[in-house]
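K.L.:
predicted model, plus sequence, below.
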Amino acid sequence: MFQPIDSHCHVQDPRFDADRDAVLDQALACLSAVVVVGDTLENSERAVTLAARSRVRAVVGIHPYHASLVTNALIEQLRDLVERYPDRIVAIGETGLDYYNEFSPRSDQWKSFEKQARLASELNLPLVIHNRQADADTLALLREYRSGLPGVIMHCFGSGPAEAEAFAALDCHVSFAGNLTYPRAQALRDAARRVPDHQLLVETDAPYLAPQPVRGRRCEPSHVIHTVNALATLRNEPVETTADRVARNAMAVYRLDPGGLSISATGDLPDA
């Protein structure tokens, strides 16, 4: 059986500068792989550098916070990264819409989404989407672009059961982070029950959203085990079954080579 995969984290963040190698060592001792996601061009380049390491892969793109900066020239820089490092980069993102923190105007967020969706389609790569309080518009954009994309990952899903079903109906993978474990997150747990088995993913979004057992600490990729445990409880199945399923789903959507990933019965977080 496969160990789980942290399908979305930001270990290139400065909060890991003092111990990044140790954090990745600990993660890869209990996970099959770690996917490091960019939110700016600079952080995308850092993610690609980290993906030189075995069982670490990169996603490159521009977060909706920075959507106003997305020009055709910037899109071409992302394309160049993919063309130079095709074995390290597994998707485009995170792009999307954020109507909670409108650091870029909504019109710019739409344009950025569309540019990155077209790039992903042209490069035959899946698209990683950030969606916060923008369900209707995100669904509208996906209905336009989904058919041209080999996969879509709804990162750090934070909406309710009806929205989970709507995104799943568009053949999106739906990824749950540490907030699934929070006491007040019942609607999110209800949403997690609605996602079909083959579309479930887990992530940490590290250094953010530490799961409840380690809440208040810097979140790390190895903490994804707590979200796997919560999903297993929700779905009334052994944690090994859930861990294997989310790993295989991540391999499928990111097209990771299973032959290069560790195989083990799993479930325990290493001593910290």
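P.N.:
Yep, it's here. Residues are numbered from 1 along each chain as shown.
K.L.:
please make it C-alpha for all contacts and neighbour counts, starting now.
P.N.:
Fine.
K.L.:
which residues touch residue 37?
P.N.:
Contacts of residue 37 were listed using Cα atoms under 8 Å, 6 or more residues apart in numbering, and they are 8, 9, 10, 43, 44, 47, 58, 59, 60, 61, 93, 94.
K.L.:
secondary structure element holding the first one?
P.N.:
Okay, so that is residue 8. Using DSSP states H and E, residue 8 falls within strand 5-9.
K.L.:
just list what that strand packs against, helices and strands only.
P.N.:
Using 3 or more Cα pairs under 8 Å, 6 or more residues apart in numbering; DSSP states H and E, the elements in contact with strand 5-9 are strand 33-37, strand 200-202, helix 239-254.
K.L.:
quick check: residue 245 vs residue 220, distance?
P.N.:
21 Å (Cα to Cα, to the nearest Å).
K.L.:
between the two, which has more neighbouring residues?
P.N.:
Neighbours per residue (other Cα atoms under 10 Å) separate residue 245 from residue 220, with residue 220 holding more: 26 against 22.
K.L.:
can you pull the pLDDT of that one?
P.N.:
Here, the pLDDT recorded for residue 220 equals 98.
K.L.:
didn't it look like it was pressed against residue 23?
P.N.:
Yes. Using Cα atoms under 8 Å, residue 220 is in contact with residue 23, at 7.0 Å.
K.L.:
quick check: mean pLDDT across stretch 82-100?
P.N.:
pLDDT averaged over stretch 82-100 gives 98.
K.L.:
repeat for stretch 48-55
P.N.:
Stretch 48-55 shows a mean pLDDT of 97.
K.L.:
buried ones in it?
P.N.:
Under the neighbour-count criterion of 16 or more other Cα atoms under 10 Å, stretch 48-55 has 48, 49, 50, 51, 55 buried.
K.L.:
now do that stretch: distance to the chain's middle.
P.N.:
16 Å (Cα atoms, centre = their mean, to the nearest Å).
K.L.:
so which bits of stretch 230-238 are buried?
P.N.:
By 16+ other Cα under 10 Å, the buried positions in stretch 230-238 come out as 230, 231, 232, 235.
K.L.:
so how far is it off the chain centroid?
P.N.:
Between the centre of stretch 230-238 and the centre of its host chain there is 20 Å, according to Cα atoms, centre = their mean.
K.L.:
outside of that stretch, which residues touch it?
P.N.:
By Cα under 8 Å, 6+ apart, stretch 230-238 touches 180, 181, 189, 192, 193, 239, 241, 242.
K.L.:
between these, which is nearest residue 4?
P.N.:
residue 242 (8.3 Å; Cα to Cα).
K.L.:
do I have it right that that closest one meets residue 226?
P.N.:
No. In this structure, residue 242 is not within contact of residue 226 by Cα under 8 Å, at 11.7 Å.
K.L.:
okay, the two: which has more neighbours?
P.N.:
A count of neighbours by other Cα under 10 Å puts residue 242 above the other of residue 242 and residue 226, at 28 against 24.
K.L.:
could you pull up the mean pLDDT of the longest helix seen in the chain?
P.N.:
Counting residues, the longest helix found in the chain (DSSP state H) is helix 106-123. Averaged over helix 106-123, pLDDT sits at 98.
K.L.:
noted, bye for now.
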